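1. Just a sequence and a predicted model for now, questions to come.
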Amino acid sequence: MEEPVFVAGTGIISAIGNNVAECLASLQNGKAGMGDMQQLKSVHQQRLPVAEVKLSNEELAGLAGLPKTKSRTALLSLIAAKEALAAAGINNLAALRCGFISANSVGGMDKTENFFTEFLTDNNTGRLRNVVNHECGSVTELVADALGIKDYVTTISTACSSSANSIFFGARLIRNNIVDLVVAGGTDSLTKFTLNGFNTLMIVDEQFCQPFDENRRGLNLGEGAGYVVLVSEKLAATLKNKPEIILSGYCNANDAYHQTASSPDGIGSYLAMSGALKKAGLQPTDIDYINLHGTGTQNNDIAEGTAIKRLFEGQYPKMSSTKTFTGHTLGASGGIEAVFSVLALQHGLIFPNLRLQTPMVDLPFVPVRELVKDAEVKHVLSNSFGFGGNCSSLIFSKV
Amino acid sequence: MYIRATGNISPQKTFGHQPLQEAVAYTGNRLSCIEPDYKAFIDPKQIRRMSRIIRMGVAAAMECLQEAELKQPDAIVTGTAYGCLEDTHSFISKMVEFNEELLTPTAFIQSTHNTIGAQIGLLLQCNNYNNAFVHRGFSFESALLDGMMLLKDNDAANVLVGAIDEITNTSHTILSRLGLYKQGDTSNLNLYSSIPTGIGTKGTIAGEGASFFLLTNQPSGSDYAKLDGLHTFYKPDGIPEIEKQITGFLESQDISINDIDLIITGKNGDAGGDLAYDQLAQSIFADKESIHYKWLCGEYPTASAFALWLAATIIKSGELPPALRGSGSLDKKIGRILIYNHYLGIHHAVSLLSAC
C-alpha cells in the first residue's frame, strides 16, 4: 500500500452555491442551478439555459480580493481555493512545501473574447490587459500568487477531465515527497467561445439536461471552481481536525477512438474506472456511490453506462450525475465533483440524478432519483471524461 | 532514467537525427520551424485535417517512437503554453465576425490544449495514460516531471514526453505589442552581440518548436543520455535565491559544480532577462564551459525542450555539434551537462544529464 494522501479541506463555487455549505444545502434540497443566461452576453441568451454562478464579476472580485478586470475564471478559482485552504485550518503554511495544481479549459478566454472584438478591426487596438492572462497557466498564477503558494505551481488541461487529473497529479507530488500539501482542482467560467463550440457540436440541450434518461438531448454548460486540499499522512497527523478521507485510487486512460466522441463500448471509461479500483486495492463491490460523468449527451451516457455495466455487472452501486445540478463545468467538473464525493462520504448522502423520467433501455441499472440519507458510504468513485478521449477516475474513501 | 529516442522539429535542421552542422540564419525577430515532409509519418488524408502545430507535434512524436522502435508508449504527456493557437484564432474570429452564427465545429474541436497528445494516442490506438500540461514556461518541465514520476513509481516502463508551441501571425502581433521581441534589424546569428559591450537591448526573438523524447526506466544500450534530475522554481526572490536553488539541486544529486562538463543556458538576448545568466556566469558558474541555445530556436515558453534535445545529442556524441563549436572548443569528452533556463524571470528550471 502506498502512503495515503488525505483530504484536509474542500472549497467550491458553482451555480448551486458560493461555498461548500450552500452547495450541500442545494444538493439536499434538489435545487438545480440552471436558468436563463444573466452574466454571459451571447446571442444564444434566450435559447440556451446555462448554470451560472449567481454573482457578477464585481461581486466575485469583492469576494476574491482581486481586481474586477481579471478573468472570471481566476476569480472563481481564488474564491474556491481560499475556502479549501481555510477549511484545512493549517496555521504554519509558510513552513510547509505547498503546491497549487489547477486546471481549466480555456484560460482567460472570457477577456480574450473582448480583446478580439476590437483587435480584429485593427491589430493595434484591443486593450492588452484583456489578453495578457489568456494562457491557462496565467489564470493559475494569479491565484497561486494571491494564495502565497510558490513551491510547485502548474496547470493541466485535458478538456473535461482536467481537474480530476490535477487532483491526482497533486497526490503523486505528495507521494514523491516534492510537496507536503497541495491545493488541487480546477476552474472554468462560461465563455462565448465554449458555448458556441459546444453549440456547433449540437450537444447543448435547449431545456434543462436529463443525464441517463432515454430521451436525453444534450448537456447544459455550467461554470464554477472546486478544490481539495491534499496533505501527506505525516502532515495529516499534526492537524487539529484529523482528516478522515483519503484519495485512495486514481487512473487516467485514453479512449483512443475519436477527438470528441466516446467509443461505443466506453473502453477508456472502463480502463479508468478499473485502473482506479486496482490502485485503491478495491473490488467493484466495495464502491458505494458513483458520481457519474453523466453529461446528458447521447454519446457520453451510453458509453459510460456500457463501461459501468461491464465492470459492475450484477451488483450496481448507487449512482447519479450531479451535473443535473451544476451543469457541465468542463475544466472545473472533476474538482467540483471531487468535493461532492467528499460530501457524500462525510454526510452519508447519495445525491439525486434530477429530472430522470425514462431510464435508458439499453442499461440494466437506474441512477438514484431521490436523495438518500443515512447511507453507508465508504468508497466513492468519481468519473471525468473529456475530448481527446481523456478518461480519468478518482476514488475517495473513508478511513 | 534514460532518454532512448528523440524527435525534434525546430527552426534548425534538427529533424532526422542529424547533428547541427551549420546554424540556419534568420533576419528579423521570428524564427519558424523547418517542417519535414509529413507523408513519411502521417497518412496524407489525416495531414490535411490537422493544423500546423498538430502536424508538427504528431510528426516529432512519430519520429521519436520510430527511433525507439516502439509501437505504443505506456504514457503520453505533452506540454504546451499556448496550445493550438491557429485553431483557437480561427474559431474566435469567425465567432466575432459572424456574431456567433454559422460556425462549424472543426476549429473548436482541435483548439483544446490536449489535441496533440490525443491525436498521437488516436493514431497509435493507445489506451494508456495521456496528460497535457499548460503552464506557461513550466509546461514542458511539468510534463517531464509527470513522466519521471510515472517511471519512478513503476506506473510505466516508458513514457513519451513532448513540448509543442507555435507562433502565428496573431500571436506574434500581440506578443510584439506586449514588448517581448527586439525591434529593428536583428538576426539570430548576432543575438548576443551587444552583450560584450555591456549594452544589451530589450527583447528577444520569437521561436517555436515540437520536441519529443522517449524516457525509459531501463537502459537499452543505445540511449542518448541519462536524465538524472529536474528541479523547477517559481518567481525566485533575486539572484541569491537562484544560486541557492541551483546549488541545492546539485547537492540533492550528490555532485558539485566541478562535476559538470558543460552548462547550457537559456540566454535570449533580452538585456533584463540575461542579467541572471550573466551574474551566474560570474558566481556559481564561474570558469565553467557554457553555451546558449536560444539563438538557434528562438524564445518560446517550451524552448527548454529544445535545450534537452541539444543536451541529449551532445552527450550521445560526447562533443559539441559543428554549429556550436566556437573558438575555444572543449578538449575533453562531455559527459555531464546542466541546463539552466528561465522564462521571463518567472519560471526557472535546472536539469541534469549524464552519459550512460
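-> Right, received. Where do you want to start? Numbers count the residues shown, from 1 in each chain, chains lettered A, B, ... in the order given.
2. what ranges do the helices span in the stretch 101-250 of chain B?
-> Ranges of helices in the stretch 101-250 of chain B, per DSSP state H, counting those that start in this stretch, are B:106-110, B:115-124, B:139-152, B:169-177, B:239-252.
3. just chain A next, same as before
-> Secondary structure of chain A (DSSP state H): helices at A:20-29, A:57-64, A:72-88, A:109-119, A:136-147, A:162-175, A:192-200, A:233-238, A:267-280, A:298-312, A:323-326, A:333-347.
4. just how off-centre is the third one within its chain?
-> Distance of helix A:72-88 from its chain centroid, counting by Cα atoms, centre = their mean, to the nearest Å, is 13 Å.
5. ok so, going back, please identify which of the helices of the stretch 101-250 of chain B is closest to residue B:19.
-> For those, proximity to residue B:19 was assessed by Cβ to Cβ; helix B:139-152 is nearest, at 22.5 Å. To be clear about C-beta, it is placed using only N, CA and C from the backbone, and glycine gets the same treatment.
6. Quick one, which of the helices of chain A gets closest to residue B:126.
-> Residue B:126 lies closest, by Cβ to Cβ, to one member of the helices of chain A: helix A:267-280, at 10.8 Å.
7. how deep is the residue in the stretch 251-399 of chain A that chain B sits nearest to tucked in, by neighbour count?
-> Residue nearest to chain B within the stretch 251-399 of chain A: residue A:388 (2.9 Å; Cβ to the nearest Cβ). With neighbours defined by other Cβ atoms under 10 Å in any protein chain shown, the count for residue A:388 comes to 32.
8. Check residue A:214 too.
-> Quick note: residue A:214 (other Cβ under 10 Å) scores 14 neighbours.
9. Excluding chain neighbours, give the residue nearest to it in space.
-> With sequence-adjacent residues excluded and distances taken as Cβ to Cβ, 6 or more residues apart in numbering or on different chains, residue A:214 is closest to residue A:358, at 4.2 Å.
10. can you list the helices of chain A in a markdown table and add mean neighbour count and distance to residue B:278?
-> Below are the helices of chain A laid out as a markdown table (neighbours: other Cβ atoms under 10 Å in any protein chain shown; distance: least, Cβ to Cβ, whole Å):
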| stretch | mean neighbour count | distance to residue B:278 |
| --- | --- | --- |
| helix A:20-29 | 18 | 50 |
| helix A:57-64 | 17 | 39 |
| helix A:72-88 | 27 | 34 |
| helix A:109-119 | 22 | 35 |
| helix A:136-147 | 25 | 26 |
| helix A:162-175 | 29 | 33 |
| helix A:192-200 | 22 | 42 |
| helix A:233-238 | 15 | 40 |
| helix A:267-280 | 24 | 47 |
| helix A:298-312 | 22 | 54 |
| helix A:323-326 | 29 | 51 |
| helix A:333-347 | 27 | 42 |
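11. need the longest strand for chain B.
-> strand B:225-234 (DSSP state E).
12. Can I get the helices of the stretch 101-250 of chain B in TSV including mean neighbour count and mean pLDDT?
-> Shown next, in TSV, are those (neighbours: other Cβ atoms under 10 Å in any protein chain shown; pLDDT from 0 to 100):
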stretch	mean neighbour count	mean pLDDT
helix B:106-110	22	95
helix B:115-124	26	97
helix B:139-152	26	98
helix B:169-177	17	96
helix B:239-252	16	98
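13. Of all those, which one is nearest residue B:301?
-> helix B:139-152 (6.0 Å).
14. between the longest strand of chain B and helix B:239-252, how big is the angle?
-> Put simply, strand B:225-234 runs at 150 degrees to helix B:239-252, going by axes from the mean of the first three to the mean of the last three Cα atoms, to 10 degrees.
15. Contact partners for the residue nearest to residue A:214?
-> Residues counted as contacts of residue A:358 (Cβ atoms under 8 Å, 6 or more residues apart in numbering or on different chains) are A:213-215.
16. and what of residue A:89?
-> Here residue A:89 is in contact with A:8-9, A:239-241 (criterion: Cβ under 8 Å, 6+ apart).
17. let's see it at 10 Å
-> Neighbouring residues of residue A:89 by Cβ atoms under 10 Å, 6 or more residues apart in numbering or on different chains: A:8-9, A:229, A:239-241.
18. hmm, back to that, can you put the contacts of residue A:358 in TSV and add pLDDT?
-> Putting the contacts of residue A:358 into TSV (pLDDT from 0 to 100) gives the following:
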residue	pLDDT
A:213	98
A:214	98
A:215	98
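19. Give me the subset of these lying in strands.
-> Per DSSP E, the contacts of residue A:358 never map to strands.
20. Starting from residue B:39, give me the distance back to residue B:262.
-> In this view, residue B:262 and residue B:39 are 37 Å apart by Cβ to Cβ, to the nearest Å.
21. Which one of the two is surrounded by more residues?
-> Set residue B:262 next to residue B:39 and count neighbours by other Cβ under 10 Å: residue B:262 wins out with 22 against 10.
22. who's in contact with that one?
-> Neighbour list for residue B:262: B:288-291, B:311, B:314-315, B:319-320, B:324, B:330, B:334-339, B:353 [criterion: Cβ under 10 Å, 6+ apart].
23. Spell out which parts of the stretch 251-399 of chain A neighbour chain B.
-> A:251-260, A:263, A:267-268, A:270-272, A:275, A:279, A:331, A:386-392 (Cβ under 10 Å from any Cβ of the partner chain).
24. swap the cut-off to 6 Å and go again
-> Proximity of the stretch 251-399 of chain A to chain B, by Cβ under 6 Å from any Cβ of the partner chain, involves residues A:252-254, A:256, A:259-260, A:271, A:387-390.
25. Once you drop chain neighbours, what's closest to residue A:111?
-> Nearest one to residue A:111, counting by Cβ to Cβ, 6+ apart, is residue A:130 at 4.2 Å.
26. Now do the residue of the stretch 251-399 of chain A closest to chain B, the pLDDT please.
-> We have a pLDDT of 93 for residue A:388.
27. is it true that it touches residue B:114?
-> Yes - in this structure, residue A:388 is within contact of residue B:114 by Cβ atoms under 6 Å, at 4.3 Å.
28. okay, and the common contacts of those two?
-> Counting by Cβ atoms under 6 Å, 6 or more residues apart in numbering or on different chains, the residues touching both residue A:388 and residue B:114 are residue A:159.
29. Quick check: which ranges of the stretch 151-300 of chain A have low pLDDT?
-> Scanning the stretch 151-300 of chain A for pLDDT under 70 picks out nothing.
30. coming back round to it: which residues does the residue nearest to residue A:111 contact?
-> By Cβ under 6 Å, 6+ apart, residue A:130 lies in contact with A:111, A:114-115.
31. Tell me which residue is most central in chain A.
-> residue A:333 (2.0 Å; Cα atoms, centre = their mean).
32. pLDDT value on the residue nearest to residue A:214, please?
-> Looking at residue A:358, the pLDDT reads 98.
33. how close does it get to residue A:366?
-> 10 Å.
34. now swap in residue A:347 and tell me
-> From residue A:347 to residue A:366 the distance is 23 Å (Cβ to Cβ).
35. got it, and residue A:207?
-> 21 Å.
36. residues near residue 258, how many?
-> Using chain A here. 15.
37. that's the wrong chain, I wanted chain B
-> Residue B:258, neighbours per other Cβ under 10 Å, totals 8.
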